[in-house]
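Trainee: Fold the following and give me the result.
(2 chains)
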Amino acid sequence: MEISQSKQDVIQKTKQYKKRSQILEVWRRLKRNKAALIGLAIVILLFLMVIFADVLYDYKGVVIKQNIPNRLQHPSLAHPFGTDELGRDMLARIIHGGRMSLSISLVSVAFSLLIGGSLGAITGYFGGRIDMVIMRIMDIFLAIPPTLLAITIVAALGPSTINLVIALAVSSVPTFSRIVRGSVLMVRDVEFIEAAKAIGATNRTIIIEHILPNSFAPVLVQTTLSVAVMILTTAGLSFLGLGVQVPTPEWGFMLSSGRTYIRDHSYLTLFPGLAIMATILSLNLLGDGLRDALDPRLK
Amino acid sequence: MSKQQPLLEVKNLKKYFQTPRGMLHAVDDVSFKIAEGKTLGVVGESGCGKSTTGRAILRLVEPTSGEVNFDGIDILKLNPEQMRKMRQHMQIIFQDPYSSLDPRKTISQTIEEPLRLNHIIPDKNARIERVFELMETVGLAERLFNTYPHELDGGRRQRIGIARALALNPNFIVCDEPVSALDVSIQAQILNLLKELQSRLNLTYMFITHNLSVVNHFSDDIAVMYLGEMIEMAPAEDLFTQPLHPYTQALLSAIPAPTLNKKMDRIILKGEIASPIEPKPICRFANRCIHMQDRCRKEHPELIEASTGHFVACFLVQ
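Mentor: Have a look, this model is predicted:
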């Protein structure tokens, strides 16, 4: 009887001091940041657009269907963003192009964050010889401009979307490992890490539970910025014929192929450019807002 | 020193750091014993190796050589997994309650962590019950259960640190200047709490501080460190009434007295602390000592037992 009574007590107490749900807390803090909310709204809109691209425009019938008599039309009611040099509707191509641009950049950022982040966390935490060896290798990679590195990798592996993602991911691994290592180094010597060691935490627990949550702020910002860089690098590679292959629509590629007509048909470069800009801007606003919202010290 | 089997026995503990200018002797050949339920106060000025000694005993820094026998086991010989298990019995309370708590974890998460990681209480509800119990033990109100460290003052934060250390039911706790970052009124509260916990839970403390009045109030034995070495060790009362080492005498004369018009015979030390890098085999205190003799600059004084339980390393008493 006694035991169950105290159990009841605990359950009741825990309820009373129930932890305000972490996610709700973050949302409450994020809501105060108007810029972040705008960013979030645009990001959601972009994702909805990309997910339902097939519902809006048929891929085979509209997006890649050439219609030469219709070429290079200025924006009108029938074609809100005009048509390109092969008579394809620009709005449809931008919506479908978002699929390529967003998935390529997000997947490659995710990969380089995972690989670069783990390398950075390990080298920063353990230091010593591992740090020396891995970081010197990263330095070698950093010495090569990322675009050039990506070109080399795609040229070696052959042009395809998967190889493009690999190239983009590898080319930004050094940046991520540097940034993660730097912020891990700042956290590593704070006393609460020693405290965790004293209560018997393993290195793995210390890295995952204490070091990473306390060092992700600069990483989050870098992640959102990287998405932008990825889109632009994809554009560059596609322009060189090493990225997305015709007729697949992709923002960067559309931007560079519209260049020829920029004098008389500026909308061909304007709209893909605006799409890239909106994506990057909204991700940056959201990333900034999230960084602040995830920090319990900022009320 | 008490006659019973000591809980902790440190023998010839050394911690050297490699620096560009040579070996830094942070802790040099320190030996002592602490009996169960007793407190050893360790005093000395900044940089004399007090904290490093405390951390080396817990292997938070790996000692260069020596022996640390805890309950009869030499913990320096344990492998990492055995050491991890051993940590349940030996804990530490840190100096700075601001940096010793993870700012992204709530109080309950911080106190619960040792219980969770060591699988002491597998059941979540029972664990929470224990967290409430610990919070009560250290005098934290229940409503603080889900607050973050930055929302609390220094005294409360230090109580969290104490609760975390107590969570695993340790026998031995290194208190690394647990009150020096707190203001005076709160210092007393925390000291009283530590004292009360000691008698209630039969804890053994190694109490590191630079505050002599605190150490007198708190310790059974006191060890004085200077430049990585232990220069005097005695029961607290002995040390305060008959300090033998000139450095201890100077330290004691510097304690502020709460009386007006009392003439104080302060011994003012001249000069600076010598470099701990590659020290010569002479008395390390020689260049500041008012009783310096020729011998002090030629030989290194060993720690000898001057009277029962009173150890000192000085040629004046040899």
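Trainee: Which residue ranges of chain A form helices?
Mentor: When assigned using DSSP state H, the helices of chain A occupy the ranges A:2-16, A:22-31, A:34-51, A:53-56, A:90-126, A:128-143, A:146-157, A:161-188, A:191-198, A:203-205, A:212-215, A:217-239, A:251-257, A:267-293.
Trainee: So which of these is the most surrounded?
Mentor: Per-stretch averages of neighbours, counted by mean count of other C-beta atoms under 10 Å in any protein chain shown, single out helix A:251-257 among these, with a mean of 24. Bear in mind the C-beta positions are built from the backbone N, C-alpha and C, glycine included.
Trainee: got the contact list for that helix?
Mentor: Residues from elsewhere that reach helix A:251-257, judged by C-beta atoms under 8 Å, 6 or more residues apart in numbering or on different chains: A:84-85, A:90, A:93-94, A:97-98, A:100-101, A:231-232, A:234-236, A:238-239, A:243-244, A:246, A:268-269, A:272-273, A:275-276.
Trainee: Enumerate the residues of the stretch 151-300 of chain B near chain A.
Mentor: Proximity of the stretch 151-300 of chain B to chain A (C-beta under 8 Å from any C-beta of the partner chain) is limited to residues B:161, B:164-165, B:167-168.
Trainee: in chain B, which helix has the most residues?
Mentor: Ranked by residue count and defined by DSSP H, the top helix of chain B is helix B:184-201.
Trainee: If we go by neighbour counts, what in that helix is buried?
Mentor: Neighbour-count burial for helix B:184-201, with 16 or more other C-beta atoms under 10 Å in any protein chain shown as criterion, is recorded at B:186-187, B:190-191, B:193-194, B:197-198.
Trainee: B:Ser100: which of those residues is nearest?
Mentor: Checking the buried residues of helix B:184-201 against B:Ser100 by C-beta to C-beta gives B:Ile190 as the nearest, at 13.7 Å.
Trainee: And what about B:Ile34, helix, strand or coil?
Mentor: strand (DSSP: H, G, I helix; E, B strand; the rest coil).
Trainee: how close does it get to A:Ala201?
Mentor: 26 Å (C-beta to C-beta, to the nearest Å).
Trainee: And A:Thr223, by the same measure?
Mentor: To A:Ala201, A:Thr223 is 27 Å away according to C-beta to C-beta.
Trainee: Please verify my assumption that A:Met230 contacts A:Leu168.
Mentor: Yes - here A:Met230 reaches A:Leu168: they are 5.3 Å apart, a contact under C-beta atoms under 8 Å.
Trainee: if I look at the two, which residues touch both of them?
Mentor: A:104-105, A:108.
Trainee: I'd like those laid out as JSON lines, including distance to chain B and pLDDT.
Mentor: Shown next, in JSON lines, are those (distance: C-beta to the nearest C-beta, whole Å; pLDDT from 0 to 100):
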{"residue": "A:Ile104", "distance to chain B": "33", "pLDDT": "91"}
{"residue": "A:Ser105", "distance to chain B": "29", "pLDDT": "91"}
{"residue": "A:Ser108", "distance to chain B": "29", "pLDDT": "94"}
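Trainee: Need the contact partners of the lowest-mean-pLDDT helix or strand in chain B.
Mentor: When each helix and strand of chain B is scored by mean pLDDT, DSSP states H and E, helix B:212-218 comes last, with a mean of 84. Helix B:212-218 has contacts (C-beta under 8 Å, 6+ apart) with B:39, B:41, B:43, B:179, B:187, B:191, B:194-195, B:205, B:207, B:209, B:222, B:236, B:240, B:251-252, B:254-255.
Trainee: The helix or strand following it pairs with which strands?
Mentor: Using DSSP states H and E, the helix or strand that follows helix B:212-218 in sequence is strand B:221-226. Strand B:221-226 has the following strand partners under DSSP bridges: strand B:39-43 (parallel), strand B:229-235 (antiparallel).
Trainee: chain center to the longest one: distance?
Mentor: This means strand B:229-235. 13 Å (C-alpha atoms, centre = their mean, to the nearest Å).
Trainee: average model confidence for it?
Mentor: The pLDDT scores in strand B:229-235 average 93.
Trainee: In contact with the closest residue in space to A:Glu194 that isn't next to it in sequence, which residues?
Mentor: Setting aside the residues directly before and after it, A:Glu194 is nearest to B:Leu60 in space (C-beta to C-beta, 6 or more residues apart in numbering or on different chains), at 5.5 Å. The neighbours of B:Leu60, taking C-beta under 8 Å, 6+ apart as the test, are A:194, A:197-198, B:92.
Trainee: Which members of those residues are the farthest-apart pair?
Mentor: Once C-beta to C-beta is applied, these give A:Lys197 and B:Ile92 as the farthest pair, at 9.6 Å.
Trainee: B:Leu7 and B:Glu142: what is the separation?
Mentor: Noted for B:Leu7: a distance of 33 Å to B:Glu142, by C-beta to C-beta.
Trainee: So these two - more neighbours on which side?
Mentor: Neighbour comparison, B:Leu7 and B:Glu142: the larger count goes to B:Leu7, with 20 against 11 (by other C-beta atoms under 10 Å in any protein chain shown).
Trainee: Quick check: phi and psi on that one?
Mentor: Phi and psi for B:Leu7, reported as degrees, to the nearest 10, are phi -70, psi -40.
Trainee: What is the burial count for the residue nearest to it when sequence neighbours are not counted?
Mentor: Nearest-residue entry for B:Leu7: B:Glu36, 4.2 Å, with adjacent residues in sequence omitted and distances by C-beta to C-beta, 6+ apart. Residues lying near B:Glu36 (other C-beta under 10 Å) number 16.
Trainee: My read is that B:Glu36 contacts B:Leu203, right?
Mentor: No - if you go by C-beta under 8 Å, B:Glu36 and B:Leu203 don't touch, sitting 9.2 Å apart.
Trainee: what touches both of the two?
Mentor: Common neighbours of B:Glu36 and B:Leu203 (criterion: C-beta under 8 Å, 6+ apart): B:Asn171.
Trainee: and residue 220, what does it touch?
Mentor: As the question left the chain open, I've gone with chain A. A:Leu220 sits next to A:287, A:290-291, A:294 when contact means C-beta under 8 Å, 6+ apart.
Trainee: nope, chain B please
Mentor: Contact partners of B:Asp220, counting by C-beta under 8 Å, 6+ apart, are B:2, B:35, B:38-40, B:235-236.
Trainee: Point me to the helix or strand that includes the residue most central in space within chain B.
Mentor: Centroid check for chain B by C-alpha atoms, centre = their mean gives B:Ile208 as the closest residue, at 2.7 Å. Assessed by DSSP H and E, B:Ile208 sits inside strand B:204-209.
Trainee: Just the C-alpha atoms of that strand, please, in CSV.
Mentor: Output in CSV follows, covering the C-alpha atoms of strand B:204-209 (Å, rounded to 0.1, in the frame of the first residue of the first chain):
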residue,chain,number,x,y,z
THR,B,204,34.2,11.1,2.8
TYR,B,205,35.3,14.4,1.4
MET,B,206,38.4,15.8,-0.1
PHE,B,207,37.8,19.5,0.3
ILE,B,208,39.8,21.7,-1.9
THR,B,209,39.8,25.4,-1.1
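Trainee: which neighbours does it have in its sheet, and in what orientation?
Mentor: With DSSP bridges as the test, strand B:204-209 is paired with strand B:39-43 (parallel), strand B:172-176 (parallel).
Trainee: what sits up against that strand?
Mentor: In contact with strand B:204-209 (C-beta under 8 Å, 6+ apart) are residues B:7-8, B:34-43, B:50-51, B:53-54, B:57, B:171-180, B:194, B:198, B:215, B:218-219.
Trainee: Weed out the non-buried ones from these.
Mentor: The buried subset of the contacts of strand B:204-209 - by 16+ other C-beta under 10 Å - is B:7-8, B:34-43, B:50-51, B:53-54, B:57, B:171-179, B:194, B:198, B:215, B:218-219.
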